[in-house]
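K.L.:
Predicted model and sequence below, questions to follow.
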Amino acid sequence: MKPVIVVHGGAGRIFKEREEGSRTGVVRAALRGYGILKQGGSALDAVEEAVRSMEDDPHFNAGCGSVLNEKGEVEMDAIIMDGKNLDSGAVSAVKCIANPIKLARLVMEKTKHMLLTDRGAHLFAQAMGIPETPGEKLITERSRERWRNNLEPDSNPQEFQKDLGTVGAVAIDSEGNVACATSTGGLSNKLTGRVGDTACIGSGGYADNHSGATSTTGHGESIMKVVLARLILYHMEQGMSPEMAADTALDYMKTRVGGLGGVIVVDNSGEWAARFSTKQMSWATVKDDQIEICKYITSKKFCFNPL
Ligand SMILES: COC(=O)C[C@H](N)C(=O)O
């Protein structure tokens with residue numbers, strides 16, 4: 001099987017000043033993940049590495065650069081899933097950790113559970129020897145400014161899309177195993193303790209070798225209502241291509257609950273798609289040693305925009 005990786009850096013508006021950084025960030029992440037796949041590494045390692053590289057990049061709303069909650073604090077959600085055995089691990093509302101995706105993977109591999117939240121996740125991180133990163137180090141000037149200007153949470157399913165930047169990756173490795181990973185700071189000025197789609201299995205991501213893997217981004221409450229990631233795989237199980245399944249599910253989310261978002265998908269034959277109903281989504285993919293990246297324009301080839 002020829003390995004493939006697809007990454008996204010969030011659906012929504014991408015403001016001019018973040019365009020270049022966001023594009024460079026998704027390219028770097030895709031190449032890092034693909035490097036692992038090329039050396040015979042697993043899809044799981046590849047998606048973790050790709051997401052970790054975007055968590056470390058302040059241009060994205062994950063890890064360093066996360067948006068802030070109503071109190072001006074970082075609270076992050078992340079999920080990782082292994083399509084071989086349907087194992088998954090997630091964390092929600094975690095604060096002083098540089099790489100929530102790493103912690104999610106440890107939840108998957110070192111506990112009998114699938115999701116740890118807030119204080120419990122923090123205690124688990126300590127027990128695993130993960131160093132504490134002061135919250136201040138995760139906060140950028142951009143996220144602080146956004147917090148100051150945004151007294152209300154970005155809760156409108158259509159209006160939420162002001163330059164966020166959740167990150168995610170899906171991959172298939174040379175053995176035909178698929179995996180997904182997603183990480184986010186969530187919605188700006190959200191209520192303390194709000195857990196979004198990203199930490200929820202089937203919403204923020206899903207991976208199953210029998211069909212494929214998907215990672216989602218967009219209005220979290222809408223994504224959770226339609227269980228977007230699992231819905232896409234369901235459509236693929238019924239015979240749709242990744243692109244058709246993604247468009248059908250995004251269209252359903254828009255018409256049924258008025259929510260917008262974006263998804264990346266890879267199926268178990270290596271066919272992939274990056275689709276969105278928001279104005280933009282940054283993404284990059286590497287297949288056959290060729291990289292393809294988003295163009296920040298609305299073209300038929302690169303995106304689905306029903307607006
Ligand atoms: C682009 O914004 C996001 O993806 C936010 C994320 N889905 C959440 O609601 O937590």
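P.N.:
Everything's here; your move.
K.L.:
Point out the residues in the stretch 201-307 of the chain that sit beside the ligand.
P.N.:
Counting by CB under 6 Å from any ligand atom, the stretch 201-307 of the chain comes close to the ligand at 217-218, 220, 223. (Glycine included, C-beta is placed from N, CA and C.)
K.L.:
All the strands of the stretch 151-300 of the chain, residue numbers only.
P.N.:
Secondary structure of the stretch 151-300 of the chain by DSSP state E, counting those that start in this stretch: the strands cover 167-172, 178-184, 205-208, 212-218, 261-267, 272-276, 281-287, 290-293.
K.L.:
still on that earlier bit, got JSON lines for the residues of the stretch 201-307 of the chain next to the ligand, with neighbour count too?
P.N.:
Shown next, in JSON lines, are these (neighbours: other CB atoms under 10 Å):
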{"residue": "217", "neighbour count": "33"}
{"residue": "218", "neighbour count": "28"}
{"residue": "220", "neighbour count": "31"}
{"residue": "223", "neighbour count": "29"}
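K.L.:
okay, among those residues, which ones form the most distant pair?
P.N.:
Distances among those were taken as CB to CB; the most separated pair is 217 and 220, at 9.1 Å.
K.L.:
Look through the stretch 201-307 of the chain and state the residue closest to the ligand.
P.N.:
Using CB to the nearest ligand atom, the closest approach of the stretch 201-307 of the chain to the ligand is made by residue 220 at 2.3 Å.
K.L.:
Just give the closest residue to that residue, not the sequence neighbours.
P.N.:
residue 196 (3.3 Å; CB to CB, 6 or more residues apart in numbering).
K.L.:
what does residue 70 give?
P.N.:
Nearest residue to residue 70, sequence neighbours excluded (CB to CB, 6+ apart): residue 189, at 5.3 Å.
K.L.:
ok, what's across the strand from residue 11?
P.N.:
Applying DSSP bridges to residue 11 gives these bridge partners: residue 281.
K.L.:
Noted, bye for now.
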